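Enquirer: predicted model follows, preceded by the sequence.
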Number of protein chains: 2
Amino acid sequence: MNHTETRAEARAAPAAGEAANPVLVVATRGDMVESRHRGAFAVVDPAGRVVVSAGDIERPVYPRSAIKPLQAIALVESGAAEAFALGDAEIALACASHYGEPGHVESVRAWLARIGCSVDDLECGAQPPYHESSLRALLAGGGRADAAHNNCSGKHAGFLTLARHLEVPTKGYSRAEHAVQQRLRGVLESMTGLGLGGAPRGIDGCGIPTIGVPLANLGLAMARLAEPADQPAPRQAACARIRRAMAAEPFMVRGTGGLCTRVIEETRGRALIKIGAEGVYCGALPGLGLGLALKIDDGAGRAAEAAVVRLLARLGVIEAGSALLRHPVRTRAGVVVGELRAPPDGPF
Amino acid sequence: MNHTETRAEARAAPAAGEAANPVLVVATRGDMVESRHRGAFAVVDPAGRVVVSAGDIERPVYPRSAIKPLQAIALVESGAAEAFALGDAEIALACASHYGEPGHVESVRAWLARIGCSVDDLECGAQPPYHESSLRALLAGGGRADAAHNNCSGKHAGFLTLARHLEVPTKGYSRAEHAVQQRLRGVLESMTGLGLGGAPRGIDGCGIPTIGVPLANLGLAMARLAEPADQPAPRQAACARIRRAMAAEPFMVRGTGGLCTRVIEETRGRALIKIGAEGVYCGALPGLGLGLALKIDDGAGRAAEAAVVRLLARLGVIEAGSALLRHPVRTRAGVVVGELRAPPDGPF
């Protein structure tokens, strides 16, 4: 892998029939494996060396929400975070796919008010809270989910903050041609070491562009977030600020019982992992100075979760006996009848 | 494939590293394929000839709820359905993974009362309705989901009815050694043409045994449900009764907007398909005298849905222009940004 900034443009989208990635996770039930999840991952150092990998790590994947910590760099590096006196909670929310619990939603609303915006300025769309009892409470109280409940509302509040700071119109901040999205693309190019002008592109669930990037380059970008010694001083400071915020406010990054939150808590910030839709995780490992990126081919979140904790265990970042490694399959009545696990001949 | 009743016992569970099945469905977003779903399927005639197939159809899969129409055979063939004067709605509910809408739940409660049972006799566990506005209404009214809302409550009401008719204790009807489950296993063995004594076994989400059966044999069983000419007369009558009930009451088989319901309606009963958990569909095609069985390796319901309608289109059972073949991927705000589709080099 070549990590220089002059690397060739990203490849175009490939055909569907490529070689199969390895099975990373199986779901068992009773006597046999019931379902199988294939995928690929890369663990990379800040010089772009691939330390551990499995599967095709040069095929572009959409990182989706897994790169929110990279997108938050623009918010901090620009001076916007300082200008609006954002604290750890807000910066962690900018990196978050939160569960829509009251603690998340109220923080986002207060933040929006502080920058002279409201929930109507969010372009992410309404979404019911992931967190079940928060959803029940909302519905039982006759409420309806709005854009502040959207798991991306903190990221979008960050985009609005950046637009305010750049003194550009906030409306349309989610479109590729807007100054905010242009900034984000620039950060992504320099962190991944990849020209993205010709990269495959789509629209994320929250309406912003998502750009196809190989896992190897996503791993590099996360390694640089963990250990940005080769970056300019303002970038180094921004990365440190983001690492500190995620480590200080793990609840804000996801929510009650969520894997990102539990991993950041259990590792005391040595693994800053972030989920993305369709089976993606990215992570910065500040202690080891490494980055990781993982994608389950079929997009299953359950498999991405089981895979990323096994990768962290293999790297020694979480203990072999950690409860994070247990993924029981249960009946409706709660009886354990199977589990998600790594196959014995797999890469973990 | 050998369809005789004396066929060798089912194979033991295989290792996880077998050859990859083909990609049946991809999820696109913008310029590229974002996620890929592999799987296998078999279309079989009542003589056991495989008419169309893809992937490994000899590897056992858990059929889960996709064989409820086969399990309902015991209810009808035993005379229990007639003794308790079950109508089409109840028999369709016995074949159903329903959405927990009021129409389903009230019918199950009335049926239970008629056989001298109540929701407390159901051993399937509580489950919130799949149907979103029914769930909202339940919660907004301060209610809680119980076992009657469980998508399997009709099947379990059928088990209770069979236990009553056999004059055996109803308690424990979900356990493998109970007379009800023994009957079901006997029906499954004769319909699949496979001795299941040594077959891989697990516990389903609703607490009953689920038995690993190759897709080829599941396809045969569904072909016999469609066209049971080689079966004893009571079995032929039971199959006809079940086909008639599913065709007459498609809402009861699934619910508002559900694929099974829509396919049965749109084909006017020429495709009686039934979903199973973890990416399974089975179907009886009475007009063609064929059966089908399909499993997505990773267990994704979205892919199983996209695959089974493409298989039905290939068989000419649904029109090429049917809305059933459209599976857009949308943002939270509802904008179409991709789709589920078959890859151009795939088997459809």
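Expert: Sure, I can see it.

Enquirer: rest of the way, CA atoms for contacts and neighbours
Expert: Noted.

Enquirer: where does the nearest residue to A:E58 once chain neighbours are set aside land on pLDDT?
Expert: Nearest non-adjacent residue to A:E58, counting by Cα to Cα, 6 or more residues apart in numbering or on different chains: A:P214, 4.7 Å away. Looking at A:P214, its pLDDT is 98.

Enquirer: list the contacts of A:P214.
Expert: When contacts are counted by Cα atoms under 8 Å, 6 or more residues apart in numbering or on different chains, A:P214 touches A:I57, A:E58, A:R59, A:P60, A:V61.

Enquirer: how about the helices in the stretch 201-348 of chain A?
Expert: A:215-226, A:233-248, A:250-253, A:259-266, A:301-314 (DSSP state H, counting those that start in this stretch).

Enquirer: helices of the stretch 51-200 of chain A, start to end?
Expert: For the stretch 51-200 of chain A, applying DSSP H, counting those that start in this stretch gives helices covering A:68-77, A:80-83, A:88-94, A:102-114, A:132-140, A:153-166, A:179-192.

Enquirer: gap between A:R109 and A:L138?
Expert: To A:L138, A:R109 is 16 Å away according to Cα to Cα, to the nearest Å.

Enquirer: adding neighbour count and pLDDT, write the contacts of A:P214 out as TSV.
Expert: Listed next are the contacts of A:P214 as TSV, based on neighbours: other Cα atoms under 10 Å in any protein chain shown; pLDDT from 0 to 100:
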residue	neighbour count	pLDDT
A:I57	25	98
A:E58	16	97
A:R59	18	97
A:P60	25	98
A:V61	26	98
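
Enquirer: hmm, A:M252 and A:E265 touching each other?
Expert: No - at 11.6 Å, A:E265 and A:M252 do not qualify as touching, with contact defined as Cα atoms under 8 Å.

Enquirer: who's more crowded, the two?
Expert: For A:E265 versus A:M252, neighbours defined as other Cα atoms under 10 Å in any protein chain shown are more numerous around A:M252 (30 against 19).

Enquirer: need the contact list for the more buried one.
Expert: By Cα under 8 Å, 6+ apart, A:M252 lies in contact with A:A89, A:A92, A:L93, A:A96, A:H98, A:H104, A:M246, A:T261.

Enquirer: which one of these sits in the busiest neighbourhood?
Expert: Counting neighbours by other Cα under 10 Å, A:L93 leads the contacts of A:M252 with 34 neighbours.

Enquirer: how about that one: what's its closest non-neighbour residue?
Expert: Of all residues not flanking A:L93 in the chain, A:G154 sits nearest, at 4.6 Å (Cα to Cα, 6+ apart).

Enquirer: closest one to A:E123 among the helices of the stretch 201-348 of chain A?
Expert: Proximity to A:E123 (Cα to Cα) singles out helix A:250-253 among the helices of the stretch 201-348 of chain A, at 20.0 Å.

Enquirer: from chain B, how far out is the residue nearest the centre of chain A?
Expert: In chain A, the centroid-proximal residue (Cα atoms, centre = their mean) is A:A66; its distance is 1.8 Å. The gap separating A:A66 from chain B is 14 Å, by Cα to the nearest Cα, to the nearest Å.

Enquirer: equivalent analysis for A:Y130, please.
Expert: Using Cα to the nearest Cα, A:Y130 is found at 14 Å from chain B.

Enquirer: residue contacts, the residue nearest to that residue when sequence neighbours are not counted?
Expert: Nearest residue to A:Y130, sequence neighbours excluded (Cα to Cα, 6+ apart): A:Y99, at 4.9 Å. Contact analysis of A:Y99 by Cα under 8 Å, 6+ apart lists A:P129, A:Y130, A:H131, A:H149, A:N151, A:R254, A:G255, A:T256.

Enquirer: gap between A:Y99 and chain B?
Expert: A:Y99 is 15 Å from chain B, by Cα to the nearest Cα.

Enquirer: then A:R310?
Expert: Distance check for A:R310 against chain B: by Cα to the nearest Cα, it reads 17 Å.

Enquirer: now that residue. Nearest residue, chain neighbours left out?
Expert: In space, A:R310 is closest to A:F348, 6.4 Å off (Cα to Cα, 6+ apart).

Enquirer: now do A:N217
Expert: Distances taken as Cα to Cα, 6+ apart place A:T192 nearest to A:N217, at 4.9 Å, with adjacent residues excluded.

Enquirer: how near is the one you found to B:A303?
Expert: Distance of A:T192 to B:A303, computed by Cα to Cα: 32 Å.

Enquirer: same question for A:R29.
Expert: Using Cα to Cα, A:R29 is found at 21 Å from B:A303.

Enquirer: is the closest residue to A:V52 other than its chain neighbours in a bridge, and if so with what?
Expert: When the adjacent residues along the chain are set aside, A:V52 lies closest to A:V43, with 5.1 Å between them (Cα to Cα, 6+ apart). Beta bridges link A:V43 to A:V52, A:L292 when assigned by DSSP bridges.

Enquirer: what's the burial count for A:V43?
Expert: Other residues within reach of A:V43 by the criterion other Cα under 10 Å amount to 30.

Enquirer: ok, now which ones touch it?
Expert: A:V50, A:V51, A:V52, A:S53, A:A216, A:G219, A:L290, A:G291, A:L292, A:A293.

Enquirer: do the same with A:A72
Expert: Going by Cα under 8 Å, 6+ apart, A:A72 touches A:I91, A:A94, A:C95, A:K155, A:G158, A:I242.

Enquirer: again, only this time at 10 Å
Expert: Shown in contact with A:A72 (Cα atoms under 10 Å, 6 or more residues apart in numbering or on different chains): A:81, A:91-96, A:155, A:158-159, A:162, A:184, A:187, A:238-239, A:241-242.

Enquirer: cool, A:A27 as well?
Expert: Going by Cα under 10 Å, 6+ apart, A:A27 touches A:33-37, A:302-303, A:327-329, A:338-343, B:278, B:298-299.
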